[in-house]
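# below are the sequence and a predicted model for it; my questions follow.
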Amino acid sequence: MKSRITHYAIIMLIDINFLKNLTVESGKIALSYFGRVKPREKPDRSPVTEADLSLDKFITGKISEKYPSHIILSEEMSEKPVVKTDHIVWAVDPLDGTAAFSCGLPVWGISIGVLVNYIPVYGAFYMPLTDELYYSDGENTYLQEQKLKISPSVIDVNSFLAVPSYAHRAFDLRKFPGKTRSMGSIAAHMCYVARNTAIGAIMRGHIWDIAGGWAICRTAGGKMTFMDKTEIDWHELCSCDKAKKEILLSGEDNFDDLFDCIIQNQ
């Protein structure tokens, strides 16, 4: 599988500068709405704002214009198609961290992942308020133009584990000696792992929540599986259903030790 991914990266099936520029430009548009919009509830009770809908239209329009044959899966789509044939899929979260965004908090951004044959190969995540652009060109991971690599770390009292807001209800984290925080954005949590700020992250989301972040973490040396250590079925996630189980992300060298620190409540 790794050789296939490398092959795709070498022939560069998409324009990385297009991906980077689109993500940053979308972030600038998001800033024009920041502090000016109020959320409403979608049928699944998750928040959505005028900014989400405007950004969705902008991003998907730009992708469709440049790559008309590619499939786009976006959080704000009115209908969710089941991907069956096309080998390139864009997974778009036009505003990851809507709740934080609508409350005036800083941890949110634009997340875009590109899957090739159901593998997240390219990805970008931009946080406008901190002006941080994370991206993967399929072979390396970058923050701005600086390469990132996940380093082995000792799990201790200073370790930071990024968790969902419901973590205290779903997991027994008493064996984890460090700090747990929920920042409100799955993509941000994943990028914090890529830059060695977080020792790991627990999450459960849709394809658009995690595809961009995983592309970024994969080429930084990350490992990610379901919490029972089974592999993630990206083809299944392209149905646009939420992941059936929680997911654990960490660096390859820390994964097993971190897994042993987390006990799922029965």
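Perfect, thanks for sending it. Numbering: from 1, shown residues only.

# could you grab the helix/strand/coil label for residue 115?
Of the three states, residue 115 takes strand according to DSSP: H, G, I helix; E, B strand; the rest coil.

# so what's it bridging to?
Beta bridges link residue 115 to residue 89, residue 120, judged by DSSP bridges.

# thought it was touching residue 232?
No - using Cβ atoms under 8 Å, residue 115 is not in contact with residue 232; the gap is 11.8 Å. C-betas here are computed from N, CA, C, even on glycine.

# so these two - more neighbours on which side?
residue 115 (29 against 16; other Cβ atoms under 10 Å).

# mind checking how far the more buried one is from residue 126?
The spacing between residue 115 and residue 126, counted by Cβ to Cβ, to the nearest Å, is 19 Å.

# go on, residue 49?
Counting by Cβ to Cβ - residue 49 and residue 126 are separated by 18 Å.

# bridging residues for the closest residue to residue 195 other than its chain neighbours?
Once flanking residues are discounted, residue 195 sits nearest to residue 148: 5.5 Å by Cβ to Cβ, 6 or more residues apart in numbering. Residue 148 forms beta bridges with residue 141, as assigned by DSSP bridges.

# what sits against residue 148?
If you count contacts by Cβ atoms under 8 Å, 6 or more residues apart in numbering, residue 148 has them with 134, 141, 142, 194, 195, 196, 220.

# these: which two are farthest apart?
Using Cβ to Cβ, the pair of these lying farthest apart is 142 and 196, separated by 14.1 Å.

# the two - which one has more neighbours?
residue 142 (20 against 15).

# state the distance from the more buried one to residue 171.
32 Å.

# returning to what we had before: just the ones of the contacts of residue 148 in strands?
When the contacts of residue 148 are checked against strands (DSSP state E), the matches are 134, 141, 142.

# now do the last one against residue 262, distance only.
This means residue 142. With Cβ to Cβ as the criterion, residue 142 and residue 262 are 29 Å apart.

# again with residue 196
Counting by Cβ to Cβ, the gap from residue 196 to residue 262 is 19 Å.

# list the contacts for residue 100?
Residues near residue 100 by Cβ under 8 Å, 6+ apart: 106, 107, 108, 183, 184, 185.

# what do you get if the cut-off is 10 Å, keeping everything else the same?
Neighbour list for residue 100: 47, 106, 107, 108, 109, 183, 184, 185, 188 [criterion: Cβ atoms under 10 Å, 6 or more residues apart in numbering].

# residues near the nearest residue to residue 34 once chain neighbours are set aside, how many?
Ranked by Cβ to Cβ, 6+ apart and with sequence neighbours excluded, the top spatial neighbour of residue 34 is residue 101, at 6.7 Å. By other Cβ under 10 Å, the residues close to residue 101 number 28.

# many thanks, I have nothing further to ask.
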